[in-house]
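**Q** give me a 3D structure for the following:
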Amino acid sequence: MKKIMTLAASAALVVAMMSSCATINSGAALTEKGAIGPKVGEAQSTYFLGGIWSSQGEQNDLKKAAENGGIKKISQVEYIDKSIFLGLVIKHTTRVYGE
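**A** A predicted model of the protein is given here:
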């Protein structure tokens with residue numbers, strides 16, 4: 001019985017560590033008409049243990065995402081965070097739309 005309980009607890013731990021969740025925070029449209037725009041740009045980074053950035057200490061910003069998409073006028077912004085391994089690893093994406 002003890003062996004079955006240990007196996008079940010180990011399986012539950014593995015499932016919890018391999019599961020992830022994601023949130024998307026979409027900013028309000030910055031244009032009056034609410035048009036998203038024909039271009040999309042993204043900037044991504046990953047950080048570990050709540051603060052060790054893999055992108056050499058640079059957080060995602062609107063300017064970098066706009067540069068990556070060739071956007072000169074931003075109309076909408078989305079922030080996407082995906083948590084992996086119980087929040088120990090977080091992938092952060094800044095996505096911008098515009099012209």
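
**Q** gap between residue 69 and residue 46?
**A** To residue 46, residue 69 is 20 Å away according to Cβ to Cβ, to the nearest Å. C-betas here are computed from N, CA, C, even on glycine.

**Q** then residue 92?
**A** Residue 92 sits 7 Å away from residue 46, going by Cβ to Cβ.

**Q** and for residue 98?
**A** Look at residue 98 and residue 46: by Cβ to Cβ, they are 25 Å apart.

**Q** same question for residue 4.
**A** Applying Cβ to Cβ, the value for residue 4 to residue 46 is 37 Å.

**Q** neighbour count winner among the two?
**A** Neighbours per residue (other Cβ atoms under 10 Å) separate residue 4 from residue 46, with residue 46 holding more: 15 against 8.

**Q** secondary structure element for that one?
**A** Taking DSSP states H and E as the criterion, residue 46 maps to strand 39-48.

**Q** run through the neighbouring helices and strands of that strand.
**A** Under the contact criterion of 3 or more Cβ pairs under 8 Å, 6 or more residues apart in numbering; DSSP states H and E, strand 39-48 touches strand 52-53, helix 62-69, strand 89-98.

**Q** what is the mean pLDDT for stretch 92-99?
**A** For stretch 92-99, mean pLDDT rounds to 87.

**Q** kindly report the same for stretch 40-51.
**A** Averaged over stretch 40-51, pLDDT sits at 80.

**Q** what stretches of this structure score poorly on pLDDT?
**A** 16-35, 50-60 (pLDDT under 70).

**Q** re earlier: redo the helices and strands packed on strand 39-48 as CSV? Include distance to residue 13 and mean neighbour count.
**A** Shown next, in CSV, are the helices and strands packed on strand 39-48 (distance: least, Cβ to Cβ, whole Å; neighbours: other Cβ atoms under 10 Å):
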stretch, distance to residue 13, mean neighbour count
strand 52-53, 23, 12
helix 62-69, 36, 18
strand 89-98, 16, 20
